[in-house]
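**Q** Following is a predicted model, sequence given first.
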Amino acid sequence: MIKFQHKNLIRFATSLLTRAGLPEDRAKITASTLVESDLMGHSTHGLSLLSPYLDSATKGKMKLSGDPRTIRDTGASIAWDGQYLPGPWLIHEAIDLALERITKHPVVTMTIQKSHHIGCLAAYPERATEKGLMMLLSCSDPINATVAPFGGLEGVYSPNPLAIGFPTEGKPVIIDISMSSTANGLINQSYAQGKKLPHPWLQDGKGEVTDDPASFMENPPATILPLGGQDAGYKGFGLGLLIEMLTSGLGGHGRADSPTDWGASVFLQVFDPEGFGGLENFKRQAQFLAEASLASKPIDPGNPVRLPGHRAMNLRDKQKKEGVVLNPSIVQSLESWGEKLGVVMPENKQS
């Protein structure tokens, strides 16, 4: 594994994206979001995505300039057509607008149809929690159908992640989970590295569970089991359908339209606790639940209960000091794009 200073990686990724045609401000936001994901340990959605983003940008699949088109704006709810603009930049623009509107409305809800891929959802909620707000963020990919409905063999929808961030009296809680047993990124990464998945999260064409990512490449391909697997996957199936309706349903565009471009349908919602029971009471309830969870007697004394997002935030702090760890395969991809676009790869901190 190779380490780099995170600021050097942001500068490098920004330079690559600007060479690919993005305006510098949009390139920097996109680069910073990807590096943030690596800082938090979400390596499948960090700089590993830079290569496909650059490929989209250079081939005209990612729109490089312009603004989202407003479909409808009621004040507390806004619907955008993202026109396949860079996903991380679109999400930050949407959060900016939501934070502006939350001063007038206790809940602000936004949808974005036809966004380009938005990266790791965990990279966004702290923009709300640092202001004492709660955020929900979800997305689906209308051209991806790798998750099977409960009891089915063929993929119908995408892993459909949901991120939630809420403040406590200490560190915020940041939840980022998919409505499927695993995500496409981990399967592809495991396959490229010749590794098995941590658990049998797939089912092959005959309905047998497997941990072999190579089955995902077969014909017919294996499918991802809904959250809960073959035992309780009806729960994950229901949640997956919910995400589809929050994103593509409310957004007004999705798989029913047979899109052909890689992208995302997005749902974003911000809550101001002051519009309900008050921020002080919200934090009091959140802190009580956090402390009770941490105090729960662990199954393994060496592995105590931890709150969602805290390991990622601690890792981020550590890697900002010691360097961001990247897999050699990601480094090779970055070096290749550096040579192609004329950008010098930063020196690694240590190997």
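**A** Right, received. Where do you want to start?
**Q** Residues contacting the lowest-mean-pLDDT helix or strand in the chain, please?
**A** One helix or strand of the chain scores below all others by mean pLDDT, DSSP states H and E: helix 184-192, with a mean of 91. Residues from elsewhere that reach helix 184-192, judged by CB atoms under 8 Å, 6 or more residues apart in numbering: 43-45, 48, 144, 146, 158-159, 196-197, 202, 213-214, 216-217, 224, 329. No exception for glycine: its C-beta is placed from N, CA and C like everyone else's.
**Q** Tell me which helix or strand comes right after that helix.
**A** Using DSSP states H and E, the helix or strand that follows helix 184-192 in sequence is strand 202-203.
**Q** now that following strand, how far from the centre of its chain.
**A** Here the centre of strand 202-203 is set off from its chain's centre by 22 Å, with CA atoms, centre = their mean, to the nearest Å.
**Q** Equivalent analysis for stretch 185-199, please.
**A** 18 Å.
**Q** got it, and stretch 204-218?
**A** Distance of stretch 204-218 from the chain centroid (CA atoms, centre = their mean) equals 24 Å.
**Q** now the end-to-end length of that stretch.
**A** Taking CA to CA, to the nearest Å, stretch 204-218 runs 9 Å from one end to the other.
**Q** what do you get for stretch 271-288?
**A** The straight-line separation of the ends of stretch 271-288 (CA to CA) is 20 Å.
**Q** The helix or strand hosting Leu268: what's the following helix or strand?
**A** Using DSSP H and E, Leu268 sits in strand 264-271. Using DSSP H and E, the helix or strand that follows strand 264-271 towards the C-terminus is helix 279-295.
**Q** So which bits of that next one are buried?
**A** Leu279, Phe282, Lys283, Ala286, Ala290 (16 or more other CB atoms under 10 Å).
**Q** from those residues, which two are the most distant?
**A** Longest distance between any two of the buried residues of helix 279-295 is 15.7 Å, between Leu279 and Ala290; criterion CB to CB.
**Q** ok so, going back, can you give me the buried ones in the least confident helix or strand of the chain?
**A** In terms of neighbour count (16+ other CB under 10 Å), helix 184-192 has its buried residues at Asn184, Gly185, Leu186, Ile187, Gln189, Ser190, Tyr191.
**Q** Around Thr247, how many other residues sit close by?
**A** 28 (other CB atoms under 10 Å).
**Q** The closest residue to it other than its chain neighbours pairs with what?
**A** The spatial neighbour of Thr247 that comes closest, neighbours along the chain excluded (CB to CB, 6 or more residues apart in numbering), is Ser265 at 3.8 Å. Assessed by DSSP bridges, Ser265 has beta-bridge partners Ser140.
**Q** show me what contacts Ser265?
**A** 111-115, 139-142, 247-248, 251, 253-254.
**Q** Can you add distance to Ile95, secondary structure and pLDDT and give these back as CSV?
**A** Converted to CSV, these look like this (distance: CB to CB, whole Å; DSSP: H, G, I helix; E, B strand; the rest coil; pLDDT from 0 to 100):
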residue, distance to Ile95, secondary structure, pLDDT
Thr111, 14, strand, 98
Ile112, 11, strand, 98
Gln113, 17, strand, 98
Lys114, 18, strand, 98
Ser115, 13, strand, 98
Cys139, 14, strand, 98
Ser140, 19, strand, 98
Asp141, 20, coil, 98
Pro142, 22, coil, 98
Thr247, 16, helix, 98
Ser248, 20, helix, 98
Gly251, 17, helix, 98
His253, 21, coil, 98
Gly254, 22, coil, 97
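**Q** With that, I have no additional questions.
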